[in-house]
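Colleague: Any chance you can model this:
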Amino acid sequence: MATLAPFTTAHRRYVQSLYRRILTNELNWTVSRDLWRGKAIAVRAEFERNRNVHDPRELAALFDKAEADLAERLHPDPYRPAEAVDGTKWERNVPPPLGPVFEHEKFNEDHGRGHHH
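Modeller: This is a model prediction of the structure:
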């Protein structure tokens with residue numbers, strides 16, 4: 001990633017975008033906003049901790065690490081606004097796994113379990 005000069009408009013917008021993307025991703029993983037709020041506070045504290053970093057190399061390292069952490073933690077089925085394209089109007093349906101079908105009857109036979117009616 002190219003390093004942006006600190007305190008330029010482009011730098012400020014990038015930091016804001018990164019912050020929002022991290023918060024949005026955390027919300028995708030959290031069911032309750034009460035639980036998410038604690039994570040949001042921790043994210044904000046991390047950004048505040050690095051607020052006074054001015055060295056371009058150190059900034060680049062911080063941004064690269066934050067982007068890598070975000071990419072590693074991206075939700076596979078993020079929330080989309082209901083009416084948006086690919087929106088989650090009714091629910092987020094995770095596609096079923098493409099592995100083999102579990103054979104319940106064979107499992108019961110192999111493990112000595114009788115049929116229950």
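
Colleague: ok, now which ones touch residue 28?
Modeller: 75, 78, 79 (C-beta atoms under 8 Å, 6 or more residues apart in numbering). (Each C-beta comes from the backbone N, C-alpha and C, glycine too.)

Colleague: so where is the protein shaky, pLDDT-wise?
Modeller: 1-6, 90-97, 99, 102, 111-117 (pLDDT under 70).

Colleague: so where do the helices sit in it?
Modeller: 9-29, 33-49, 56-73, 104-110 (DSSP state H).

Colleague: Restrict the first one to CA atoms and write it as CSV.
Modeller: What it means is helix 9-29. Below are the C-alpha coordinates for helix 9-29, written out as CSV (Å, rounded to 0.1, in the frame of the first residue of the first chain):
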residue,chain,number,x,y,z
THR,A,9,-7.6,14.7,3.5
ALA,A,10,-6.8,11.4,1.8
HIS,A,11,-5.1,10.1,4.9
ARG,A,12,-8.0,11.1,7.1
ARG,A,13,-10.5,9.5,4.8
TYR,A,14,-8.5,6.3,4.6
VAL,A,15,-8.3,6.1,8.4
GLN,A,16,-12.0,6.7,8.7
SER,A,17,-12.8,4.1,6.1
LEU,A,18,-10.6,1.5,7.8
TYR,A,19,-12.2,2.3,11.1
ARG,A,20,-15.7,1.9,9.7
ARG,A,21,-14.8,-1.3,7.8
ILE,A,22,-13.5,-2.9,11.0
LEU,A,23,-16.5,-1.8,13.0
THR,A,24,-18.9,-3.1,10.3
ASN,A,25,-17.1,-6.4,10.2
GLU,A,26,-17.2,-6.8,13.9
LEU,A,27,-21.0,-6.1,13.8
ASN,A,28,-21.4,-8.9,11.2
TRP,A,29,-19.9,-11.4,13.7
